[in-house]
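# Fold the following for me, if possible:
(one chain, ligands or ions: 1)
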Amino acid sequence: MDQVKIGRFIAECRKRENLTQMQLAEKLSITDRAVSKWETGKSLPDSSIMLDLCAVLKISVNDLLSGEIITMEYYDKELENNLLEMVKAKEQADKRLLSLEVFVGITVTVILFVLIAVAAFLQMADWLRVTLIALGFVIFLAGCFYALRIEQVAGYYECKECGHKYVPTYKAVNLAPHMGRIRYMRCPKCNKKSWQKKVLSKE
Ligand SMILES: [Zn+2]
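Down below sits the predicted model:
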């Protein structure tokens with residue numbers, strides 16, 4: 001997807017509707033900075049806002065993602081390409097997120113051990129010792145919550161029993177026993193419990 005082209009197209013459609021960046025932002029309950037970022041090609045509209053944006057600009061999602069009005073003749077072909085690219089983009093983003101999860105996990109664990117070692121072996125006042133250890137645990141817990149959140153939203157879990165692929169709730173992920181990234185959860189489709197592995201693609 002060509003972000004710059006899409007950005008220019010958004011600006012074009014906005015002007016055609018006689019809207020300022022501020023007015024468009026207000027209609028979508030977002031900041032005008034976000035609109036400016038789209039139009040300069042720095043970011044793409046979030047999928048959650050795409051439908052509203054397209055409704056305001058009186059274009060289809062397919063037009064938006066192509067960065068131009070698609071004539072009926074090429075509509076299906078373009079739609080297919082755009083959907084494929086979106087799926088690919090999500091897979092890549094999920095892959096990056098899962099690497100980030102490992103990085104966050106390792107980093108907070110190292111910080112925790114360093115702070116404990118410093119508190120245990122260096123000369124200092126007792127309150128400082130306690131503060132350092134507490135700080136270590138707070139950072140560690142925050143890191144774990146963040147990593148778990150990534151684990152929930154990135155990719156899908158695949159049910160071993162029926163093959164159903166889904167995004168579980170944060171609570172389900174949190175409470176499930178796990179070995180690495182394989183989690184023991186109840187499948188929302190067949191309702192059976194199994195060890196479910198993480199997959200990046202729904203296909
Ligand atoms: Zn199942």
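# Which elements pack onto the longest strand along the chain?
The strand spanning the most residues in the chain, taking DSSP state E as the definition, is strand 193-199. Applying 3 or more C-beta pairs under 8 Å, 6 or more residues apart in numbering; DSSP states H and E, we find strand 193-199 packed against strand 156-158, strand 182-186. Placement of C-beta: from N, CA and C, glycine included.
# Dump those into TSV; add distance to Asp32, mean pLDDT and mean neighbour count as well.
Converted to TSV, the helices and strands packed on strand 193-199 look like this (distance: least, C-beta to C-beta, whole Å; pLDDT from 0 to 100; neighbours: other C-beta atoms under 10 Å):
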stretch	distance to Asp32	mean pLDDT	mean neighbour count
strand 156-158	35	93	21
strand 182-186	42	94	17
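# Lys171: which of the ones you listed is closest?
If you check each of the helices and strands packed on strand 193-199 against Lys171 by C-beta to C-beta, strand 182-186 wins as the nearest, at 10.6 Å.
# Point out the residues in the chain that sit beside the ion.
By C-beta under 5 Å from the ion, the residues of the chain that approach the ion are Cys159, Glu161, Cys162, His164, Cys187, Lys189, Cys190.
# Show me which of those are buried.
Neighbour-count burial within the residues of the chain next to the ion applies to Cys159, Cys187; the criterion is 16 or more other C-beta atoms under 10 Å.
# The longest helix along the chain to strand 193-199, inter-axis angle?
When the chain is parsed with DSSP state H, its longest helix is helix 72-121. Computed by axes from the mean of the first three to the mean of the last three C-alpha atoms, to 10 degrees, the angle separating helix 72-121 from strand 193-199 equals 110 degrees.
# Report all helices and strands that helix 72-121 contacts.
By 3+ C-beta pairs under 8 Å, 6+ apart, helix 72-121 packs against helix 61-66, helix 126-153.
# Save those helices as a markdown table, and put in mean neighbour count too.
As requested, the helices and strands packed on helix 72-121 are exported to a markdown table (neighbours: other C-beta atoms under 10 Å):
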| stretch | mean neighbour count |
| --- | --- |
| helix 61-66 | 21 |
| helix 126-153 | 15 |
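# comparing those, which gets the lowest mean pLDDT score?
Averaged per stretch, pLDDT over those is lowest on helix 61-66, reaching a mean of 88.
# Tell me which residues are up against that one.
1, 6, 9-10, 45, 50-51, 53-54, 57, 69-70, 75, 78-79, 82, 85-86 (C-beta atoms under 8 Å, 6 or more residues apart in numbering).
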